[in-house]
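Chemist: Just the structure for this:
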Amino acid sequence: MAAFLPPGAPRPRSGNDNPSQPPPPNYNPNLNPNSLADNLNNLNLNRPPSMPSSAPRASPFGQPPHFPSPASLPGVSVGSSPFSRPGPPPGALSRPAVPPTGPPQSTLSPNVPPPARSMGPPTGQPSFIGSRTPPGYFPSSGGTNVPPTYVAPPPGAFPSSGFPSRPVGSAPPPGTRPSTASPPLTTGPALPHSSAPSGYVTNGPPAFMSGASPGGPRFPPAGSAPPPPIGHPLTLGSAGAAPQAQSMRSFLASPAVVAPPGPPAQPASPFSAPPQGVPPPPGSYGPPTWPVQPGQVGPSQPLSGSVQPPRMFGMPPPPLPNQSMTAIPALSQTGAPVSGTSKIDPNQIPRPIPSSSSILYETRQGNQANPPPPATSDYIVRDTGNCSPRYMRSTISQIPCTADLLTTSGMQLALLIQPLALPHPSEEPIQVVDFADIGPVRCSRCKAYINPFMKFIDQGRRFICNICGYTDETPRDYHCNLGPDGRRRDADERPELCRGTVEFVATKEYMVRDPMPAVYFFLIDVSMNAIQTGATAAACSAISQVISDLPEGPRTMVGIATFDSTIHFYNLKRALQQPLMLIVPDVQDVYTPLQTDVVVQLSECRQHLELLLESIPNMFQNNRTAESAFGAAVQAAFLAIKSSGGKLLVFQSVLPSTGVGSLSAREAEGRTNISAGEKEAHKLLQPVDKTLKTMAIEFAEYQVCVDIFVTTQTYIDIASISVIPRTTGGQVYYYYPFSALSDPAKLYNDLRWNITRPQGFEAVMRVRCSQGIQVQDYHGNFCKRIPTDVDLPGIDCDKTIMVNLKHDDKLQDGSECSFQCALLYTTVYGQRRIRVTTLSLPCTSMLSNLFRSADLDTQFACFLKQAANKIPSSPLLQVREQVTNLCINVLLSYRKFCATVTSSGQLILPEALKLLPLYTLALLKSIGLRNDGRIDDRSIWIECVSYLSTPLAIPLVYPRMVAIHDLKQKDENECLVSPVIPLSSEHVTDDGIYLLENGVDCLIYIGNSVDSNILQLLFGISSAEEIPTQFVLQQFDNPLSRKVNDLVNEIRRQRCSYLRIKLCKKGDPSGALFFSHLVEDKNPSGPSYVEFLVYVHREIQMKMSS
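Modeler: Here you go, the predicted model:
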C-alpha cells in the first residue's frame, strides 16, 4: 500500500505557512543563478501563435527571412520555420512580461522573381530568431595569398603572445601582420583581395585552407584585413641538439604520473553570478550582436544570387597533386635531424592559424559541390542544392570510386550528421513543405524523398531517383514542364527541388499513434548526501525557475518524484489543497501509485508544483537515509509516463546502492588494478551488468528520453549510469565535485537549455546512399532495433550521429554520389515532421583528389569517436597505438603515392591534413586515453564524445589559451577574446594569468610572481596564497575585472555552455591539471609536438623502406 507521508517527514507547508525556513546545510541562499540572465530577451521555441502568450518574438538581429515571401501554391505551407532559433545559452535569457507580437516581415532577394507558390516556413510557428551561437566555431584560417602547397611560416609569424584573434573591424595588433609583399619561397600567383559582394570572403573551388584555431568568436562578421602570409620552408637553428627520437612504446605506454587531485573541497568553485546588488555588465551574457562594419553586409541583408562569387582571397587555381603539401625539412632517413647540433624551430611547425574573415559559403557552384569550410571557422551558408555542412559533413568531399582506393588512402569514409543543428542567424530558415494528404513525393523503390538531384525526364512526366536509379512516374498533381536546361520550370520556386535541407509535414501514414504530448518528469535525489551538499536544494531551485520555460498549452504534462531508499510520488491535482505524498517502499518490484494523478497538465498544477519544489529541501532536511534506489526510481518514473512517453530528468548525487540496478564501488578495485598493470582495467569503463541496459531499451521502445544531472562529490559509476541516457537519446551532466556555492548557477543554465533548445520527440532516422555505397554502422546516443533505422526517443540541436560508410560496388569516375538523411520526429507542440537533408558529392579515381578534398575537422572527429568507442573494450595501450597508426597510415599513403619527388629528409604532410599529427598527439594526451585519471572522469569523457558535434571535437582535446593579465591594454572596441597562445609552457610565464578552455571546463592559471596590483584588481587579494578554496569569480569596479568577466561570458556564449571555472596555482595539484592540457610539451602522457613529428617521420621512412 502507498503511504501518505515518509516516516518523520513533515508535510509540505501550505501557502499560508511561514515561508522563512532554515536552508539546508552548505547551500548558499544568496546565490542568484539567474542574475546573468536579467534584462535579456527570452525566445519561444516552436510556439504556435494559437497558443497563449505565443506571439512570435522579434529577432534581436532584426533580420527578415531571406526566402521570398509566400504566395499561394499547393504543396507548400505558409508560416515560419519549425524551430524558433534560441538565443544564447540559457543563462542569457529572461522572460519579458509582454512578448512582442507580429511575424517578421519577409523580403525578396535581388534578382529573384516573386514565387508562384508558397515558400514560407510552417504555419503556426515563429521563424528562426535569436542568436544562440553554435558551439565551438572559430574563424577560418583560409584567406592567405599562398597556393595550397604549404610551407611553414618564417620565425615571427607565430609571436609568443599568441595568434591574432581580433574583433570585428579591429586594427591588427602591432607586429602581428607581416608586410603584404610576397614571402620568400612561395609559389603561384598572389591573388587580390576578394571583391565579392556583401563584403564577405567568398568560397571558391578547389579547396579551403584547413586548420582553423579551436577558439575565437563563432559568428562575428569579421574585418577583411588579410591574414599573415606563409613564408619560407622550415629551417634549422643551432641552439642545441635535436630531441632524440624515442620508441613509440615509450611515447604511448609510459605511465602518466601527474600530481593526484586534491580532496573534493580543494578544486576551485566555478564561476558564479556577479555579487548581489551588482548588475552584470551590459551585454555580458546576452544575445550576441553582429555589428556591421564598413563594406560589410549585416545579417538582415538578403544574399544575392545574381553575382558569381570569386575565389576566396588567397586561393590559387587548382594545384597539381604534388603541390598540396607541407614540407618539414632536414629530417634524415632515420628520423633524426641531419646535424646533431640542429633542431626544428617549434615556432615554425604547423599550428592552427585563426582568421578574422567571415566566409560566405555556397554549397554548390556551377552545378558542382563546393568543399565545405572548416567546421571551426566562421561561415554563412547559402543552400544552393547541397545541405549546409552544419547538418551533414563527409570526411572526404570527393568519394573514392573503389574500396581499394579508399583503403590505399588510409582515410575513413563517414558522415557526421547533426540533423537539428542551429544555423547562423543570417542564414535562411529551413522551409517546410506541406503536400496535404498525398504526402511528400518519394521513390517507389528505395523510398528516397524528392530532392534537387532527382532528374525529371519525358517533359516532367517521369523522374530518375538519384539514390537507386529507378525511374518513377511523376504524380499528376506534381507535374510541371521542363525548361530549355532540362530542369523543371518551377524548380527554383519549390524548396524541395532547390534546397539541400527541407522539412515535410508528415501525413497519417507516418504515425502509428497520435503525436505524443510534451511530458516532463523530474526525479530528485533526497538522500542524506544530496541534502547535506545542497544538491537537492539546487535541483529544486533550478526546476522551479525553468517551469515557466516549458511549452505552453494543454499538451504539456509534468510530474515529480523524490527518492532515497524509497520512492515518493506526489499527487498534483488542483482539487487538493496541497500536493499529496505517496510512498513506494518496494524497490525490487516497482510500481506507480495513482498513475493518472501523478502526471498532470502543467496549467492545472503550476501552483502546487511551485509550492512542492519550495518545500522539498525542508521536508527532508533531517533525512539520515544514505542509500539511493536510483534504478528503482527511474523505473517507477518510467511507468508513470510509459503510456505517453516524454522526457525524464533525473538529479542523482550518490552511488545507487539499493533496489533494482544497484551498484558497488568499483573505483578502489580499479585503482589497484591499474597500479598493478592489470590488463583488464578497461573493463571498469564498461557497465557492471546488463540490468540498466535492459531497462534503457524498454524506455526507448516507449519513447522515454532520460537526462541525468550528476551532482556528486564521490565516485558514482558513470560507466554504468550513462547507459540509460546513451540508449534513449539523452545525455549526462556532470558536476564533480559539486559545490553549493557556484554550481547551482550552472545547473540552472544547463537545465534551461536542455528544455528550451530546439528538439524533437519519438524520432526515427535513416540514411540512404547512392548505389555503390552503403551504411556500415551508426554511432551516437540512440537505440537501434533494426539495422537500417536509428530510434531516438529524444533528439536535439546538440546531438551528432556518426555514420560509417563502405563500398558495395564500383562508382563511376566523374559521376556524383548522393547521401540523404531523413529524420521523422514530433515537435514539442505535437506536429509530426520529416526533416530531409541531402548531400551530393563527386566521385574520383585519383588518390591526390582524396587528399586535397579531405575534411580535417570531420576526419579528426571520427578519429575521436572511434577511439572513445574502443576504450571500454580494449587495453589502453592498444587504443593509443591504433590512434597513432591511423595518423601514420594516412601520412604514409600521401608520402608514398602523392609526394614521391620530394626529398627523403622531409616529413611531407598533405595541406588539408597538416594539423593531423598535432591533433593526434592532443588526443593521445586527453583524459580518455590516459590511465592516471579517475574512472568517472574517463567515463564522462567517453559519454561526451559519443554525441559531440564536429565544431567541438578539436577544442575538446586542443583547448584555447589566452592571457588575461594584460587585457587592460586592449582597446574598448577590440575583440573580447585575446590572441590565442600555443599550448606550450614556454608561452606561460610566472608573472602572468592565463585562461584555458576546452568547451567543457575553464581553467584560470595564476603564476607565482603575478603583480599584486593585478591580483587586487581581478580577485580582491594581494597574493595567490590568499585565494580561498571555494573561489567565485566576481566583478570589481575596474576595467581589468570587467574585461575578464566579459571574456568569460563571451566564451560561455560562444560555446553555448555555462563553463565551470577552476582556479589553478603553480605547485598545487590544480597547477598540474592546467599543465596537463599543454599538449605541445613533453610530459608523462606522451612526447612533445616536435618529438612526435620526428617519430611519425621515422615510422613513415621505415615503412617505405620495408
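Chemist: where does this protein have low pLDDT?
Modeler: The chain contains residues with pLDDT under 70 at 1-324, 329-344, 355-356, 595-596, 667-680, 968-976.
Chemist: biggest strand in it, by residue count?
Modeler: Secondary structure of the chain read by DSSP state E shows that its longest strand is strand 832-844.
Chemist: mind listing what that one pairs with, with the direction of each?
Modeler: strand 399-400 (parallel), strand 501-505 (antiparallel), strand 816-826 (antiparallel) (DSSP bridges).
Chemist: what's Val988 in contact with, if anything?
Modeler: Neighbouring residues of Val988 by Cβ atoms under 8 Å, 6 or more residues apart in numbering: 981, 994, 1005, 1007, 1078. Using the backbone N, CA and C atoms, a C-beta is placed for each residue, glycine as well.
Chemist: related to what we said a few turns ago, in CSV: the strands paired with strand 832-844, plus mean neighbour count and distance to Asp1037.
Modeler: Listed next are the strands paired with strand 832-844 as CSV, based on neighbours: other Cβ atoms under 10 Å; distance: least, Cβ to Cβ, whole Å:
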stretch, mean neighbour count, distance to Asp1037
strand 399-400, 28, 59
strand 501-505, 26, 48
strand 816-826, 23, 49
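Chemist: Which one, of the ones you listed, ends up nearest to Asn622?
Modeler: Asn622 sits nearest to strand 816-826 of all those, at 43.3 Å, using Cβ to Cβ.
Chemist: Pull the closest one out as PDB, backbone CA atoms only.
Modeler: What follows is strand 816-826, C-alpha atoms only, in PDB (Å, rounded to 0.1, in the frame of the first residue of the first chain):
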ATOM      1  CA  GLU A 816      28.100  12.100 -58.300                       C
ATOM      2  CA  CYS A 817      27.200  10.100 -55.200                       C
ATOM      3  CA  SER A 818      24.300  11.200 -53.100                       C
ATOM      4  CA  PHE A 819      23.500  10.800 -49.400                       C
ATOM      5  CA  GLN A 820      20.200  11.500 -47.800                       C
ATOM      6  CA  CYS A 821      19.300  11.600 -44.100                       C
ATOM      7  CA  ALA A 822      15.600  11.500 -43.200                       C
ATOM      8  CA  LEU A 823      14.500  12.300 -39.700                       C
ATOM      9  CA  LEU A 824      10.900  11.700 -38.700                       C
ATOM     10  CA  TYR A 825      10.100  13.400 -35.400                       C
ATOM     11  CA  THR A 826       7.500  15.200 -33.300                       C
END
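Chemist: Go ahead and report the secondary structure state at the residue lying closest to Leu967 once chain neighbours are set aside.
Modeler: Closest residue to Leu967 apart from its sequence neighbours, by Cβ to Cβ, 6 or more residues apart in numbering: Lys1043 at 4.1 Å. At Lys1043 the chain is in helix, as set by DSSP: H, G, I helix; E, B strand; the rest coil.
Chemist: got the residue ranges for the helices in the stretch 751-900 of the chain?
Modeler: For the stretch 751-900 of the chain, the helices defined by DSSP state H, counting those that start in this stretch cover 847-852, 856-870, 876-897.
Chemist: now the stretch 501-650 of the chain
Modeler: Using DSSP H, counting those that start in this stretch, helices in the stretch 501-650 of the chain cover 528-533, 535-546, 595-598, 602-619, 630-641.
Chemist: Now distance to Asp796 too, for the ones you listed, in TSV please.
Modeler: What follows is the helices of the stretch 501-650 of the chain, written out as TSV (distance: least, Cβ to Cβ, whole Å):
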stretch	distance to Asp796
helix 528-533	27
helix 535-546	15
helix 595-598	26
helix 602-619	20
helix 630-641	18
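Chemist: any chance of the ones you listed in TSV, with distance to Glu1025 and mean neighbour count too?
Modeler: Formatted as TSV, the entries for those read as follows, by distance: least, Cβ to Cβ, whole Å; neighbours: other Cβ atoms under 10 Å:
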stretch	distance to Glu1025	mean neighbour count
helix 528-533	27	24
helix 535-546	30	25
helix 595-598	53	17
helix 602-619	35	20
helix 630-641	41	25
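Chemist: Quick one: closest of the strands paired with strand 832-844 to Cys446.
Modeler: Cys446 lies closest, by Cβ to Cβ, to one member of the strands paired with strand 832-844: strand 816-826, at 9.5 Å.
Chemist: picking up where we left off before, for Gln588, which of the helices of the stretch 751-900 of the chain is the nearest?
Modeler: helix 856-870 (33.6 Å).
Chemist: The closest one packs against which elements?
Modeler: Judged by 3 or more Cβ pairs under 8 Å, 6 or more residues apart in numbering; DSSP states H and E, the packing partners of helix 856-870 are strand 392-394, strand 414-417, strand 773-779, strand 801-807, helix 876-897, helix 916-924, helix 935-947, helix 950-957.
Chemist: Just send those back as TSV, with mean neighbour count and distance to Ser653 too.
Modeler: What follows is the helices and strands packed on helix 856-870, written out as TSV (neighbours: other Cβ under 10 Å; distance: least, Cβ to Cβ, whole Å):
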stretch	mean neighbour count	distance to Ser653
strand 392-394	25	38
strand 414-417	26	34
strand 773-779	17	30
strand 801-807	21	31
helix 876-897	20	30
helix 916-924	26	32
helix 935-947	23	13
helix 950-957	27	26
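Chemist: Mind checking those for the one nearest to Lys647?
Modeler: Of all the helices and strands packed on helix 856-870, helix 935-947 comes closest under Cβ to Cβ, at 15.9 Å.
Chemist: ok and that closest one relative to helix 856-870, angle-wise?
Modeler: Here helix 935-947 runs at an angle of 130 degrees relative to helix 856-870 (axes from the mean of the first three to the mean of the last three Cα atoms, to 10 degrees).
Chemist: Next, format the helices and strands packed on helix 856-870 as CSV and append distance to Gly659.
Modeler: Below are those laid out as CSV (distance: least, Cβ to Cβ, whole Å):
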stretch, distance to Gly659
strand 392-394, 43
strand 414-417, 38
strand 773-779, 32
strand 801-807, 33
helix 876-897, 33
helix 916-924, 39
helix 935-947, 21
helix 950-957, 35
